[in-house]
Structures are given as C-alpha cells and as structure tokens.
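Enquirer: prediction below, plus the sequence it came from.
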Amino acid sequence: MEVLNGVFRLEQTDQLHQTRTAAIHSILNTNGSREHLAPDDQALAYAVAHHYLEGAEQAARNGNLDEFHWYKETIVEPPAIWFESTAHGRKLAQSPTPEDMQQSPLADAPYYVVGPRTTRAPRHTIDLVTDALNIAASVGFGDLVDNHAPIICLLRSKAPTDALDSWTISRLPGTIFLDHINDPTVLARDIIHEAGHNWLNDALAATRTTIHDSRTYYSPWKRTMRPAFGFLHACWSFPLTMLFTATAGDLAPGPVNVMLQQYLEQQHRRLSVTAADHANALQLVDDASVRDRLRAIYAAATVLG
C-alpha cells in the first residue's frame with residue numbers, strides 16, 4: 001500500500017527511544033553496564049525499560065526491597081524466557097489474568113507490569129500474536145508493529161459478536177492490552193489500532209509537539225465532544241485500521257471477513273462526519289513531518305469504498 005511507505009519511520013522517534021531507555025537504565029542500573037538488548041531490539045528495550053521503571057517504583061513505594069532489587073539487578077539482561085524471536089524482532093507476549101492487572105490513579109485503565117513472577121506465555125498466545133504480526137506486516141504495517149507493538153498482552157477471549165476492548169497507557173509506551181476472538185486478522189487490526197496510538201504519542205514527544213486542548217471536536221466514536229489531542233488520535237488510529245481492513249479482510253475466513261467488511265463500512269460512515277474538524281485540528285500540530293503523516297493516512301481512508 002503506497003501511502004504506508006515510510007510513514008511510520010521517524011528519526012526523532014528512534015532517538016527518543018534510545019535516550020529514554022538510556023535514562024531509565026542510568027537510574028536503575030547502578031553498575032553502569034550497557035543495555036543487553038541489541039540495537040535491533042531498541043523498541044523492545046524501550047518498552048521493557050518502562051515496565052522496569054514502573055515495577056521498581058511500585059516496589060519501592062510498597063517497601064518490597066527484594067522486588068526492588070530484582071528490577072535493578074535484571075534490567076541489563078531481562079529473563080530470556082520472556083521473549084519470542086519473530087520476523088518482526090523479539091516480542092514479549094503475555095496473557096495476564098484479571099488478578100494480574102493493576103489499577104493506578106495515574107492511569108485510566110488497568111495494566112500489567114512484567115516482573116519476577118512473569119513467565120513465558122502459553123504457546124497459543126505466542127502463535128496467535130505472531131500470526132497477527134505477520135498479517136499486519138504482509139500488507140504494509142511492518143514498521144508500525146515492529147517498532148510500536150513490542151509487548152502485547154492478550155486479555156479476554158470473546159465471541160465475534162462481543163465488543164472488543166483494547167487500550168494503551170502512556171506510562172507503558174510500546175505495550176498493548178487487547179481482548180481477542182482467537183482470529184489473527186482481527187487481532188492484527190486491533191494491534192495496528194493501538195500501535196498507532198503508541199506511534200503518535202512517541203512522535204509528538206519526539207518532535208516536542210504539544211497539542212493544546214483549548215478546542216474540542218465532535219467524535220463519532222465516543223459520541224461526544226473531545227479535546228483536540230484525543231480527536232486527532234482517533235482520526236489517525238481508526239483510519240489505519242480501515243486501510244488494513246480494506247486490504248487484509250479477504251485473508252480472513254468467511255464469517256470474519258463479513259465482520260471486517262461491516263466494520264469498514266461503519267468506520268467509513270463515522271470518518272465522513274469529521275472532515276471539516278480534522279482539517280481544523282491539524283493546524284494545531286506544529287511539526288510538519290507529523291502533520292503530513294496524519295493528513296495522508298486520513299485522506300487515504302476517506303476514499304475507501
């Protein structure tokens with residue numbers, strides 16, 4: 001898909017990943033050793049480092065010195081059993097239970113943090129995630145899932161007729177939490193959506209772009225007025241899933257294909273009501289490289305039949 005060529009590659013984001021990972025290592029790794037993960041694993045190292053920072057902070061606050069020291073001692077070389085080598089680099093897949101999930105006043109949604117009790121994910125989880133990543137990459141989203149979905153947590157298994165919840169949180173960049181229906185094409189769609197949120201958060205931070213929320217816009221997805229930041233996120237991540245679905249829907253078996261086509265039609269209707277507001281909101285994005293990418297993906301999605 002031509003519109004995707006190079007759209008997810010942003011040099012400033014690579015620099016952000018390196019700088020923030022090094023900063024976290026300098027805080028926790030008092031021995032001064034270099035990060036163990038190879039440069040090709042930079043996105044994974046960035047995501048894992050944020051888990052370590054969150055886990056160490058929680059352990060310190062709870063007075064759990066053993067766990068605190070575990071994070072300090074293993075940050076240079078996290079347990080190898082966590083990671084799965086794929087065509088998209090090493091990934092960390094997990095299937096946390098509701099009891100494993102945490103709540104914090106600093107995050108709107110529950111989340112899971114890897115730590116001393118983390119084990120290798122079940123084979124089914126690893127295979128489903130790997131198949132989904134392969135499908136995403138096969139239609140042009142390789143750069144996105146390679147660099148912005150290194151940690152994937154599969155949550156509840158649901159029926160195709162159920163609502164599927166998925167989310168990211170800013171405290172754990174590069175990590176995605178999702179429900180699923182045991183279908184890799186649908187999972188690929190939802191990974192792309194959440195990886196899109198991770199990409200945009202990193203791109204805005206890397207280019208030092210602040211979207212002021214003094215203006216609000218109607219979101220057909222939330223059916224309410226939303227600040228510009230959330231509105232632009234939706235007008236980026238949903239079009240990404242539309243472009244994916246239009247290309248990859250035929251890869252899915254019959255019932256799932258029908259579901260995806262219905263999804264595409266629904267998203268097209270929703271996107272059509274945002275045109276004027278999207279053009280307006282884009283003016284709040286100062287960085288031209290980010291703004292042009294948001295515009296290009298949005299425009300490509302609007303012309304899908």
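Expert: That came through, no problem. Fair warning: this is a prediction, and the values are worked out from it, not measured in the lab. Numbers count the residues shown, from 1 in each chain.
Enquirer: got a list of what Leu106 touches?
Expert: Arg171 (Cβ atoms under 8 Å, 6 or more residues apart in numbering). For glycine as for every other residue, the C-beta is placed from the backbone atoms N, C-alpha and C.
Enquirer: just give me the neighbour total for Arg123.
Expert: 9 (other Cβ atoms under 10 Å).
Enquirer: enumerate every residue touching it.
Expert: Applying Cβ under 8 Å, 6+ apart, no residues qualify as near Arg123.
Enquirer: quick check: the gap between it and Pro255.
Expert: 25 Å (Cβ to Cβ, to the nearest Å).
Enquirer: quick check: chain neighbours aside, which residue is closest to Leu10?
Expert: Sequence neighbours aside, Ala203 is the residue nearest to Leu10 in space, at 5.6 Å (criterion: Cβ to Cβ, 6 or more residues apart in numbering).
Enquirer: next one: the helix or strand hosting that neighbour to chain centre, how far?
Expert: Secondary-structure assignment from DSSP states H and E places Ala203 in helix 184-206. Average the C-alpha atoms of helix 184-206, do the same for its chain, and the two points are 4 Å apart (Cα atoms, centre = their mean, to the nearest Å).
Enquirer: I'd like to know which elements that helix is packed against.
Expert: helix 11-28, helix 123-136, helix 142-148, strand 166-167, strand 175-180, helix 228-248, helix 254-272, helix 288-302 (3 or more Cβ pairs under 8 Å, 6 or more residues apart in numbering; DSSP states H and E).
Enquirer: the same query, at a cut-off of 6 Å, please.
Expert: Here helix 184-206 touches helix 11-28, helix 123-136, helix 142-148, strand 175-180, helix 228-248, going by 3 or more Cβ pairs under 6 Å, 6 or more residues apart in numbering; DSSP states H and E.
Enquirer: what does the pLDDT read for the spatially most central residue of the chain?
Expert: Among the residues of the chain, the one closest to the centroid is Ala195, at 2.9 Å (Cα atoms, centre = their mean). Per-residue pLDDT puts Ala195 at 98.
Enquirer: check contacts around it.
Expert: By Cβ atoms under 6 Å, 6 or more residues apart in numbering, Ala195 lies in contact with 144-145, 148-149.
Enquirer: repeat the analysis, applying 8 Å as the threshold.
Expert: Contacts of Ala195 (Cβ under 8 Å, 6+ apart): 141, 144-145, 148-149, 176.
Enquirer: and those, which is closest to Val303?
Expert: Using Cβ to Cβ, Phe141 is the member of those that sits closest to Val303, with 18.8 Å.
Enquirer: what about the closest one, how many neighbours?
Expert: 30.
Enquirer: nearest spatial neighbour of it, chain-adjacent residues omitted?
Expert: Ile192 (5.4 Å).
Enquirer: surely the one you found is in contact with Ala136?
Expert: Yes - Ile192 lies in contact with Ala136 (Cβ atoms under 8 Å); the separation is 5.6 Å.
Enquirer: shared neighbours, the two?
Expert: What both Ile192 and Ala136 touch, as defined by Cβ under 8 Å, 6+ apart, is the set 144-145, 244.
Enquirer: and which of those residues is nearest Pro98?
Expert: Distances from Pro98 to the shared contacts of Ile192 and Ala136, taken by Cβ to Cβ, are shortest for Val145, at 26.0 Å.
Enquirer: can you pull the contacts of the residue lying closest to that closest one once chain neighbours are set aside?
Expert: Leaving aside its chain neighbours, Val145 sits nearest to Ala136 (4.8 Å; criterion: Cβ to Cβ, 6+ apart). Neighbouring residues of Ala136 by Cβ under 8 Å, 6+ apart: 142, 144-145, 188, 191-192, 244, 248.
Enquirer: so how far is Glu67 from Ala136?
Expert: 35 Å.
Enquirer: could you list the low-pLDDT ranges of this structure?
Expert: 30-40, 305 (pLDDT under 70).
Enquirer: got a PyMOL select line for the buried ones in the contacts of Ala195?
Expert: Buried residues within those, by 16 or more other Cβ atoms under 10 Å, are selected in PyMOL with:
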select buried, resi 141+144+145+148+149+176
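Enquirer: pick the one among the contacts of Ala195 closest to Ala159.
Expert: Ile176 (21.1 Å).
Enquirer: thinking again about what came up before, export the shared contacts of Ile192 and Ala136 to a markdown table and tack on distance to Ala59?
Expert: Below are the shared contacts of Ile192 and Ala136 laid out as a markdown table (distance: Cβ to Cβ, whole Å):
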| residue | distance to Ala59 |
| --- | --- |
| Leu144 | 33 |
| Val145 | 31 |
| Phe244 | 39 |
